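In: Provided below for reference: sequence and predicted model.
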Amino acid sequence: MPEQEKIILDTHIWIWLLEQPGILSNTIIAKINQAGRNKLVFIAAISLWEVSLLADKKRIIFKEDILTWLNKALLHPGVVLCPLTADVASQAYKLPGQFHGDPADRMIVATAKTESALLLTRDEEILRYAKTGHIKAILA
């Protein structure tokens with residue numbers, strides 16, 4: 001039986017999974033659930049900061065305070081927080097090829113690269129970068 005693939009959820013995919021799962025296809029939700037059963041759903045540490053920033057700017061409204069939401073979100077079955085390591089930080093600023101300068105996206109892409117994980121996203125820049133072969137990403 002082939003080894004289950006690690007997946008990393010881009011920040012917006014993580015939020016949608018927990019707050020608006022209807023935005024995601026049944027196929028993507030099934031993929032996340034399957035990986036989750038093996039604790040192979042990763043959230044890049046920078047996503048916590050990104051969610052907090054979105055909440056602070058009122059670009060997303062949660063029913064509870066941001067700390068409570070983050071702690072509950074990290075308890076979702078199968079979700080593992082992927083730390084911001086020295087390797088990820090250094091990779092983020094020496095990504096091969098051409099990639100834009102958004103620090104959060106660079107950290108998420110570097111986390112996917114370092115973990116050899118499939119990144120689930122709807123970010124067109126990340127999907128375009130994945131087509132160069134530097135990371136694995138699919139439209140979620």
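Out: Sure thing, it's come through. Residues are numbered from 1 along each chain as shown.

In: residues contacting I138?
Out: By Cβ atoms under 8 Å, 6 or more residues apart in numbering, the contact set of I138 is L118, L119, L120, T121, L127, A130. Using the backbone N, CA and C atoms, a C-beta is placed for each residue, glycine as well.

In: the residues you listed, buried ones only, as a PyMOL selection?
Out: Buried residues within these, by 16 or more other Cβ atoms under 10 Å, are selected in PyMOL with:
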select buried, resi 118+119+120+121+130
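
In: for the contacts of I138, work out which two are farthest apart.
Out: L118 and L127 (12.2 Å; Cβ to Cβ).

In: give me the common contacts of those two.
Out: Counting by Cβ under 8 Å, 6+ apart, the contacts common to L118 and L127 are A137, I138.

In: mind checking how far E125 is from W49?
Out: According to Cβ to Cβ, to the nearest Å, E125 stands 19 Å off from W49.

In: likewise Q20?
Out: Here Q20 is placed at a distance of 21 Å from W49 (Cβ to Cβ).

In: could you pull out the helices for this protein?
Out: Using DSSP state H, the helices of the chain run over residues 11-19, 26-37, 45-56, 66-73, 86-92, 103-115, 124-130.

In: quick check: T11 touching S52?
Out: No - counting by Cβ atoms under 8 Å, T11 stays clear of S52, with 10.5 Å between them.
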